[in-house]
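Enquirer: Mind looking at a prediction? Sequence and model below.
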Amino acid sequence: MAGIPNFVVIFLDDSGWADFRPFGDTDYPTPNVEQLAADGCRFDQFYVPQAICSASRAALLTGCYPERTKVFGALSPRVRGLDPSMPVLSEVLKQRGYATGFFGKWHIGDHEETRPPARGFDESAGLMYSNDMWKHHPESRWFDQFELQYWESGNVVIDDVSPEQQRQLTTWATEYAVDFIKRHGDEPFFLYVPHNMPHVPIFCSDKFEGKSGCGLYADVMMEIDWSVGQIRQALVEAGVDDNTLIVFTSDNGPWISYGNHAGRTPFREAKGTSFDGGTRSACIMAWPGRIAAGGACSRAFCSVDLLPTFANLAGAPLPESPIDGVDVWPLISGDENACNPHDYYPFSTGRTFEGVISGDGKWKLHLPHSYRKLVRAGCDGEPGEYGEGFIELSLFDMENDPYETTNVAEEHPEIVARLKAWAEQHRARWYGEDEGE
C-alpha cells in the first residue's frame, strides 16, 4: 500500500513540558529530541483532556473525551477498563492493512478482552498498569496484593517485576520497537511506544546510570532521548523514515510531589490538575516533506484529534460510534489559513468537570473547583505532601498569560459568557443538568 504513511507515537509518562530541549534549558543533553524538533515542528500548546494516566491514554487511543470513554483518573490493577465496544487507533488502522505494535505501558484495561492483543495490536509487550502499583510502593500497602506482571503478546513472561527489571523497561520497549520496525518496513505500520518512564519509581539501565551528572531523573531523560534516537535510526535503516509521521509527547505534566524525581513545567500546577502544568504537554511531530523542518507552532489542539487525523491520512474509515476529535492535519502541516474546528476543549480531573479552553487556545475558563496544591515536595523517591487549593470562576488570557496568574473575567464579560455557555452545554450533556458549579 504505497503512499499511506507509517505512524510512530512515543508517549511518555508524567514527563514535564520543560524536560527536553528545545522546550526547556536542561542541565543534561537531549540531542535526539532536539534533532527531532529540528527535523519537524514543535507544538507549544498541545493538550490532553485530563492530566491523569488512564484517562489521558484512553483519550489518545479513542479520540474521545473521558466523559465518553468513562475512563477517569488512573485505573487500579486487574480492572476491565475501556469498553471493548469503543474502537481504538490500532483497530481503526488495521482496516487499511496496518501492522500494529505496542511496547510500554498500557493502563486502559487488564482483562483478556481489554488488553492489547484484543485491541488490534499484532504484537505487544509491557506492563498493564503503572509501575508504582506494586509491593514496593513507598506508601500504599493496597498494592501488595498485586504482582506487577510483564506481558508479551498475551502471555505473562515475568510474574512479578523486580526493581532490577524495572531498570530495563526503557531498553526493552526500545528493543521491541526497533525489532518491529525492522520486520515491518515493507508494509504500513502503527507503532505505539508509551514508555513507563519517568513515572515514579524512576529507573534507568546501567548504560545511563550517573551519565548525566545531574541525578537519576536526568539519567532517565537521557535514556528516553537515546530511545528516540534508536527508533529514528531504525526507521532510516528500514528505508521508511521519509514515509513515517512521528509524534513525541507525554500523557500529562509532572508528578511534582516527588521533587527531584519529577519533571519540570513552567506552567501553573502539574499532574492531576486542569491547569496547564497538568494538561499541556510538550509535543513534536516530524514527517519529512510533509511537515516543514524547524517549525514552532503555538496553535492549540488536543490528543483526541490524533485518531481522526491519522485515519484521514491513512484513508481509513472513522469508527461508527461517535468520537470527539476532528482532523487537524491542516494545522499540523502548517497551513497558515488553518483554523482549529473545535469551539472548545473540556478539562476534567477524575470525574469532576473543571473548565474549557477555546479551540484557538486563546481563552481558558475555570469553573469554581478545588484542586490539589503542593505543600512540600518529596525527595529521592519519597512523595511529598499536597494541600487543597480553590479557584473561583476565572478567565485567563492564554496568549498573554499562559501561566494562568491573572483572572481577567471582569474585563471580558462577553468572553466569559461565551465560554461559560459552552461549559454549561458540556456539563448538561455529560454530567446532568443539576450538577452545580
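Expert: Noted; the coordinates are in hand. Computed from a prediction, not measured in an experiment: that's the story for all the values here. Numbering: from 1, shown residues only.
Enquirer: Every contact and neighbour count from this point should use C-alpha atoms.
Expert: Fine.
Enquirer: Can you list the residue ranges for helices in this protein?
Expert: For the chain, the helices defined by DSSP state H cover 31-39, 53-62, 66-69, 89-94, 163-166, 169-183, 216-237, 276-279, 306-314, 329-332, 413-430.
Enquirer: tell me which residues of the third one are tucked away?
Expert: Neighbour-count burial for helix 66-69, with 16 or more other CA atoms under 10 Å as criterion, is recorded at Pro66, Glu67, Thr69.
Enquirer: Can you name every helix or strand that that helix contacts?
Expert: helix 53-62 (3 or more CA pairs under 8 Å, 6 or more residues apart in numbering; DSSP states H and E).
Enquirer: okay, and for the stretch 101-250 of the chain, where does confidence drop off?
Expert: Counting by pLDDT under 70, the stretch 101-250 of the chain contains no low-confidence range.
Enquirer: Would you map the strands across it?
Expert: Secondary structure of the stretch 101-250 of the chain, counting by DSSP state E, counting those that start in this stretch: strands at 123-127, 150-152, 155-158, 189-193, 244-250.
Enquirer: Let me have those strands in a markdown table, adding distance to Glu382 and mean neighbour count as columns.
Expert: Converted to a markdown table, those look like this (distance: least, CA to CA, whole Å; neighbours: other CA atoms under 10 Å):
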| stretch | distance to Glu382 | mean neighbour count |
| --- | --- | --- |
| strand 123-127 | 22 | 24 |
| strand 150-152 | 24 | 20 |
| strand 155-158 | 26 | 14 |
| strand 189-193 | 27 | 26 |
| strand 244-250 | 22 | 23 |
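Enquirer: among the helices of the chain, which is the most enclosed?
Expert: A comparison of those by mean neighbour count, using mean count of other CA atoms under 10 Å, puts helix 276-279 on top with a mean of 29.
Enquirer: what does the model give Glu435 for pLDDT?
Expert: Glu435 carries a pLDDT value of 45.
Enquirer: quick revisit: dump the strands of the stretch 101-250 of the chain into TSV; add distance to Asn312 as well.
Expert: Output for those, formatted as TSV (distance: least, CA to CA, whole Å):
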stretch	distance to Asn312
strand 123-127	24
strand 150-152	30
strand 155-158	33
strand 189-193	14
strand 244-250	13
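Enquirer: wait, which of those strands is closest to Glu112?
Expert: Closest to Glu112 of those is strand 155-158 (CA to CA; 10.4 Å).
Enquirer: ok, that closest one: who's next to it in the sheet?
Expert: strand 150-152 (antiparallel) (DSSP bridges).
Enquirer: Please enumerate residues in contact with the strand it pairs with?
Expert: Strand 150-152 has contacts (CA atoms under 8 Å, 6 or more residues apart in numbering) with Glu123, Ser124, Ala125, Gly126, Leu127, Met128, Val156, Val157, Ile158, Asp159, Asp160, Val161.
Enquirer: what domains does the record give for this structure?
Expert: 6-332, 344-430 (automatic domain parsing).
Enquirer: Distance to Ala338 for those domains - can I get that in JSON lines?
Expert: Formatted as JSON lines, the domains of the chain follow (distance: least, CA to CA, whole Å):
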{"stretch": "domain 6-332", "distance to Ala338": "5"}
{"stretch": "domain 344-430", "distance to Ala338": "11"}
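Enquirer: quick one: which of the buried residues of helix 66-69 is nearest Leu36?
Expert: Pro66 (30.1 Å).
Enquirer: what's near enough to touch the closest one?
Expert: Contacts of Pro66 by CA under 8 Å, 6+ apart are Pro49, Gln50, Ala55, Ser56, Ala58, Ala59, Phe72.
Enquirer: at 7 Å what do you get?
Expert: Taking CA atoms under 7 Å, 6 or more residues apart in numbering, we find Pro66 in contact with Ala55, Ala59, Phe72.
Enquirer: Turn those into CSV, columns for pLDDT.
Expert: Listed next are the contacts of Pro66 as CSV, based on pLDDT from 0 to 100:
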residue, pLDDT
Ala55, 98
Ala59, 98
Phe72, 98
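Enquirer: For those, give me TSV that also has distance to Phe353.
Expert: Shown next, in TSV, are the contacts of Pro66 (distance: CA to CA, whole Å):
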residue	distance to Phe353
Ala55	13
Ala59	15
Phe72	11
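Enquirer: which among the residues you listed gets closest to Ile323?
Expert: Nearest member of these to Ile323, counting by CA to CA, is Ala59, at 9.8 Å.
Enquirer: Settle this for me: the closest one is touching Arg68, isn't it.
Expert: No: counting by CA atoms under 7 Å, Ala59 does not reach Arg68; the two are 9.1 Å apart.
Enquirer: Pull up the per-residue confidence for the closest residue to Asp39 other than its chain neighbours.
Expert: If the residues on either side of it in the chain are set aside, Asp39 comes closest to Ala293, at 4.5 Å by CA to CA, 6 or more residues apart in numbering. Per-residue pLDDT puts Ala293 at 97.
Enquirer: residues contacting Ala293?
Expert: Ala38, Asp39, Gly40, Cys41.
Enquirer: Which single one of the contacts of Pro66 is nearest to Val88?
Expert: Distances from Val88 to the contacts of Pro66, taken by CA to CA, are shortest for Ala59, at 9.4 Å.
Enquirer: From Gly40, how far out is the closest one?
Expert: 24 Å (CA to CA, to the nearest Å).
Enquirer: do the same with Leu89
Expert: Where Gly40 is concerned, Leu89 sits at a distance of 23 Å (CA to CA).
Enquirer: quick one, what contacts Lys135?
Expert: Arg141, Phe143, Asp144.
Enquirer: pLDDT value on the most centrally placed residue in the chain, please?
Expert: Taking CA atoms, centre = their mean, the centroid of the chain lies closest to Asp251, which sits 2.2 Å from it. Looking at Asp251, its pLDDT reads 98.
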